[in-house]
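> next input, structure requested:
(one chain, ligands or ions: 1)
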Amino acid sequence: MTITRRSLLFTSAVGLAAIMAAGSALADAPPLKKKDTYKVGFAQTESNNPWRLAQTASMQEEAKKRGWQLVYTDAASSAAKQVADVNSMIAQGVDLIFLAPREEKPLIPAIKAAKNAGIPVILLDRNVDASLAKAGEDYVTFIGSNFIEEGQRVADWLVKNANGKTTIIELEGTTGSSPANDRKKGFDEVIAKNPGFKVVASQTGDFARDKGRQVAETLLQAHPDANVIYAHNDEMAIGAISAIEAAGKVPGKDILVLSIDGGKEAVQAVVDGKIAAVVECNPRFGPKAFDTAVAYANGEKIPDKLINPDQFYDASNAKELLSTAY
Ligand code: AHR
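Predicted coordinates:
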């Protein structure tokens, strides 16, 4: 008879002690049994922007298509709520958890709790601190974009197309999140290698439109010579456009706006000349996430990272590709 850690969980206090011992000793991520259908969790981080809504819709559509039950939670921008959401999924006995961890560190105990309960976790779009949790051991894999490369691609475009615009304000994403850390790293490293370019201010706008607008307004007042705004996502870029216009300047002419995400509104802004360039961050995770779960159940070796390919939009292709943006 095979005794799983999860079946032990509900047996007795003695069983519980056994689980804790087994969980901490277990080297690999828990297996997923082969079944015709699954009950899986999707712990979303927030739903306050089109990117998150597109990601959630993609996950829900895929679950429906396959006839899997999806337990969906929205952490409403709170890492503490997301930890509670994962714990609730564990208590509900889901077969697997898809998790979009809001920040790199606070979700680690929840990932370990899922492991100890015998429930595999697949990270979607945001990663966790690699020194605290490992792919293949604590969770199965990370599926998402290469955020460092996204930042580098924006910076490379700027270096080639700056036309004298070299004084940069950076609007960072949510503090402690992997896209904010990595988009900053990728961009700042390229800029540091190019004399003449300078990031004069860098502050978080929490990936949110109005926060981005407010921070851009303050930073434009403090740095009236700034002529580039690099926003870590579309929402903050669109907020920055309002701030630029409120300051009596013209986005695309006086100040170049650069962004990441590639939603329809931002790609339209590229067509309109208000955003100079956008690197896409593809939110359509459903098919790949569910295929990966099936492959894992089939015993296939899953790589530590599955990287999504991302589009790039600027004046040369935005009109043509607008209909394909999410
Ligand atoms: O993790 C991906 C980022 O999170 C997207 O760029 C952003 O819009 C979202 O909230």
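> distance of Gln69 from the ligand?
25 Å (CB to the nearest ligand atom, to the nearest Å). From N, CA and C alone the C-beta is placed, and that goes for glycine too.
> list the contacts of Glu245.
Pro251 (CB atoms under 8 Å, 6 or more residues apart in numbering).
> so where does it fall, helix or strand?
Using DSSP states H and E, Glu245 sits in helix 234-246.
> and for Lys165?
With DSSP H and E as criterion, Lys165 is part of no helix or strand.
> list the contacts for the nearest residue to it once chain neighbours are set aside?
Excluding its sequence neighbours, the residue lying closest to Lys165 (CB to CB, 6 or more residues apart in numbering) is Asn227, at 4.2 Å. Taking CB under 8 Å, 6+ apart as the criterion, Asn227 is in contact with 164-167, 254-256.
> equivalent analysis for Ala216, please.
169, 171, 205, 229, 236, 239-240, 243-244.
> which of those residues has the most neighbours?
In terms of neighbour count, Met236 stands highest of the contacts of Ala216 at 33 neighbours, by other CB atoms under 10 Å.
> any idea which helix or strand carries the residue nearest to it when sequence neighbours are not counted?
What sits nearest to Met236 in space, not counting adjacent residues and going by CB to CB, 6+ apart, is Gly212, at 2.9 Å. When elements are assigned from DSSP H and E, Gly212 belongs to helix 209-222.
> do that helix and the ligand meet?
No. Helix 209-222 does not reach the ligand (CB under 6 Å from any ligand atom); its nearest approach is 10.1 Å.
> and after the helix holding Glu245, which helix or strand comes next?
strand 256-261.
> now the helix or strand following that next one: buried residues?
Sequence order places helix 264-271 as the next helix or strand after strand 256-261, per DSSP H and E. By neighbour count with 16 or more other CB atoms under 10 Å, helix 264-271 contains the buried residues 266-267, 269-270.
> looking at those, which is nearest Arg183?
Ala266 (14.9 Å; CB to CB).
> quick one: residues contacting that closest one.
234, 237-238, 259, 275, 278, 313, 325.
> how about it: what's its closest non-neighbour residue?
Leaving out its chain neighbours, the residue that sits closest to Ala266 by CB to CB, 6+ apart is Asp234, at 3.9 Å.
> number of nearby residues for the one you found?
Around Asp234 there are 28 other residues, counting by other CB under 10 Å.
> quick one: it and Val257 touch, right?
No. Under the criterion of CB atoms under 8 Å, Asp234 is not in contact with Val257, lying 10.1 Å apart.
> quick revisit: now do the same for the residue nearest to Lys165: its pLDDT.
pLDDT recorded at Asn227 is 98.
> next one: Ala27
Reported pLDDT at Ala27 in the predicted model: 84.
> contacts only, for it.
Ala27 touches Glu137, counting by CB under 8 Å, 6+ apart.
> secondary structure class for it?
Secondary structure, DSSP: H, G, I helix; E, B strand; the rest coil: Ala27 is coil.
> just to check, Ser147 is in contact with Asp182?
Careful, residue 147 is Phe; it's not Ser. Yes. Between Phe147 and Asp182 there is a contact at 3.4 Å, judged by CB under 8 Å.
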